[in-house]
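Chemist: Sequence and computational prediction follow.
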Amino acid sequence: MNRFFTELLRRQDFYTGLVTILVGVVGLIDIAYGNWRPGPGLGPHAFPQLAYIALIIAGLAIWVDVARGKSDERPDYLRVTLFTGVVLVAAGMAMFWLAGKLGLGVSVLIALIASSFLLTREPLRHWPSTILVPVLATAVIWFLFVRIINVPLPRGLLF
Amino acid sequence: MAALGILLAMIGRDPIGGSIRLTFGIPELAGGLALIPVLVGIFAVSELIIQLGRAWMERARKIVDDTRRQADSLLGDYDPSKDKLTFREFRATWRATSIGTTMGTLIGALPGAGSSLAAFISYGLAQRFSRRGDEFGKGSLEGVAAAEAGNSATSGSTLIPLFAFGIPGSATAALFGAAFILMGMTPGPRLIYDHTEVIYALFLILIYANLINLALSHFLLPLYSKIAMIQSRILLPIVCVLAILGTFAAGNSVIDVWVLLFAGLLGVVLRLYNFPLAPLILGFIVAPGAERALRQSLLIGRGEWTHLLSSPIAIGLYATAAIMIITFTFVLRERK
């Protein structure tokens, strides 16, 4: 029995199922004790409650599969991919904030050149693709969004 | 995944009573999550993050040298621009193509069935009816033709449930539906009556687009293959910037950009753990309408659940849904 549980804890999908069940349970507790106003018909809590119950059932189904020996392997390059995602979120918001200070063109140019430099080995040697292409792309994006579509993007000091 | 999509759709105002829910104290979320940022984030930004991660690993670990050497040794003198399908080869696969087209059209009309299911079933049927069935799985053109025809045929028929019921048949149809909603047209049975000219224009576009694509692709295929060769380190940052600016342009809201980026993170986690994304999007799109309809029905029936069984059409639809769920569950288990 101990060996069975130890084997379960080693499986990746056990934790996937656990997270799924926990989200469902926390949601149901929030509905039961949280600040939900009553409403006509079933009330605003009904569909979320249905979704949380479905999540708990899905989590239990994952656990049943794990107990039967089926489990996916740990994803490859998990940390690198998640780190890339977090960096992209931060960089995206930084670019947007900068657009309001320096202008769309300048912020997009900085973002494209910085990302090209980060992704290229010996970026100065490959200057056509790390500097020239971002400049051209920025010009096209600026022309498209500011001149043609006329989108009210945050305006900054420069263009 | 559908449950997760439903939960995301519940953020914001209750459609019947108007009370705010699941906003975690953020007032900008009172209007709910917009469709475009969620769609673009879940599908496009998540793929961008995965590709950027790979591009970074290639740059940092110098994996590109090894993979490029392996690719060069496999390709040798192979020139993709000279590798074209001859008319004789095309004629030899007409039966498999017909089977794939028919099965793809039928399966694509079922909401949520997906192009993969159509491809597998088309492949299996084509093998059964082929004179050279034992060559399948060893590079037979008929096998490729059947699977690809089944796969591609779903793209038109997934619009059938979208226009008939307002339920997108696939993630692509969901994007169509989103575009219609943005133009002020709600997909559903009324769309054909209220905007007949738009529907017929769509039919004509689908016919002309396929004919023009067939004619042009013969000459443009070498160019298409070169576009696919553009290095990811050049393409990915540009696509990222376009996704962010395009999302802001659609709603003129900074919250949409946050939703885009966090939906991208969510999409990455789901993809890494092999969760399918299409059910999440389908749940997100269908949930508000389903909740509204259910609660209105119960209000009309004064809280009686048996009111939902008062229509024979409704009973027929419940039975059809149950049969489809059971059938697809067995088919998917057998496939595994």
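Modeler: Structure's in. What do you need? Being a predicted model, the structure only gives us computed values, none of them experimental.
Chemist: So in chain A, which helix runs the longest?
Modeler: Secondary structure of chain A per DSSP state H: the longest helix is helix A:78-102.
Chemist: same question for that one, mean pLDDT?
Modeler: Per-residue pLDDT values over helix A:78-102 give a mean of 84.
Chemist: Is any residue of it near chain B?
Modeler: Yes - applying C-beta under 8 Å from any C-beta of the partner chain, one finds helix A:78-102 touching chain B at A:78, A:80-86, A:88-89, A:92-93, A:95-96. Heads up, the C-betas are built off the backbone N, CA and C, glycines and all.
Chemist: what's that helix in contact with?
Modeler: The contact list for helix A:78-102, computed with C-beta atoms under 8 Å, 6 or more residues apart in numbering or on different chains, reads A:75, A:106-108, A:110-111, A:114-115, A:153-158, B:45, B:48-50, B:52-53, B:56-57, B:240-241, B:244, B:248, B:254, B:257-258, B:260-262, B:264-265, B:268-269, B:272.
Chemist: Can you give me the buried ones in stretch B:196-213?
Modeler: By neighbour count on 16 or more other C-beta atoms under 10 Å in any protein chain shown, the buried set for stretch B:196-213 is residue B:199.
Chemist: I'd like the residues of helix A:78-102 next to chain B laid out as JSON lines, including neighbour count and distance to residue B:95.
Modeler: Below are the residues of helix A:78-102 next to chain B laid out as JSON lines (neighbours: other C-beta atoms under 10 Å in any protein chain shown; distance: C-beta to C-beta, whole Å):
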{"residue": "A:78", "neighbour count": "14", "distance to residue B:95": "45"}
{"residue": "A:80", "neighbour count": "16", "distance to residue B:95": "47"}
{"residue": "A:81", "neighbour count": "24", "distance to residue B:95": "43"}
{"residue": "A:82", "neighbour count": "17", "distance to residue B:95": "48"}
{"residue": "A:83", "neighbour count": "14", "distance to residue B:95": "51"}
{"residue": "A:84", "neighbour count": "22", "distance to residue B:95": "46"}
{"residue": "A:85", "neighbour count": "26", "distance to residue B:95": "46"}
{"residue": "A:86", "neighbour count": "13", "distance to residue B:95": "52"}
{"residue": "A:88", "neighbour count": "24", "distance to residue B:95": "47"}
{"residue": "A:89", "neighbour count": "19", "distance to residue B:95": "51"}
{"residue": "A:92", "neighbour count": "22", "distance to residue B:95": "50"}
{"residue": "A:93", "neighbour count": "15", "distance to residue B:95": "55"}
{"residue": "A:95", "neighbour count": "22", "distance to residue B:95": "53"}
{"residue": "A:96", "neighbour count": "21", "distance to residue B:95": "54"}
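Chemist: circling back: could I have the ChimeraX command that selects the buried members from the contacts of helix A:78-102?
Modeler: The following ChimeraX line selects those of the contacts of helix A:78-102 that are buried, judged by 16+ other C-beta under 10 Å:
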select /A:75,106,107,108,110,111,114,115,153,156 /B:45,48,49,50,52,53,56,57,240,241,244,248,257,258,260,261,262,264,265,268,269,272
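Chemist: Find the residue at the geometric middle of the chain.
Modeler: Using chain A here. The residue lying closest to the centre of chain A (C-alpha atoms, centre = their mean) is residue A:85, at 6.4 Å.
Chemist: what's around residue 132, how many residues?
Modeler: In the absence of a named chain, chain A is used. By other C-beta atoms under 10 Å in any protein chain shown, the residues close to residue A:132 number 11.
Chemist: Let me rephrase: I mean chain B.
Modeler: Counted with other C-beta under 10 Å, residues neighbouring residue B:132 total 13.
Chemist: how about it, phi and psi?
Modeler: With angles defined as degrees, to the nearest 10, residue B:132 sits at phi -120, psi 50.
Chemist: Just give the nearest non-adjacent residue to it, would you?
Modeler: Leaving aside its sequence neighbours, residue B:132 sits nearest to residue B:140 (C-beta to C-beta, 6 or more residues apart in numbering or on different chains; 6.6 Å).
Chemist: what's the distance between residue A:144 and residue A:130?
Modeler: To residue A:130, residue A:144 is 22 Å away according to C-beta to C-beta, to the nearest Å.
Chemist: now residue B:265
Modeler: Per C-beta to C-beta, residue B:265 is found 27 Å from residue A:130.
Chemist: One more: residue A:18?
Modeler: Separation of residue A:18 from residue A:130 (C-beta to C-beta): 44 Å.
Chemist: In terms of pLDDT, where does residue 12 sit?
Modeler: Reading this off chain A. pLDDT, residue A:12: 76.
Chemist: that answer is for a different chain, and I need it for chain B
Modeler: 85.
Chemist: Show me what it is bridged to.
Modeler: Legend: beta-bridge partners of residue B:12 under DSSP bridges are residue B:21.
Chemist: I figured it hits residue B:27, correct?
Modeler: No - contact status for residue B:12 versus residue B:27: not in contact, 11.0 Å apart, counting by C-beta atoms under 8 Å.
Chemist: ok so, going back, the residue nearest to residue B:132: neighbour count?
Modeler: Residues near residue B:140, counting by other C-beta under 10 Å: 19.
Chemist: Mind telling me what element residue B:106 is part of?
Modeler: helix B:94-108 (DSSP states H and E).
Chemist: If we go by neighbour counts, what in the very next helix or strand once past that helix is buried?
Modeler: As assigned by DSSP H and E, the chain's next helix or strand after helix B:94-108 is helix B:115-129. Residues B:115-127 are the ones in helix B:115-129 that count as buried (16+ other C-beta under 10 Å).
Chemist: Sweet, I'm off.
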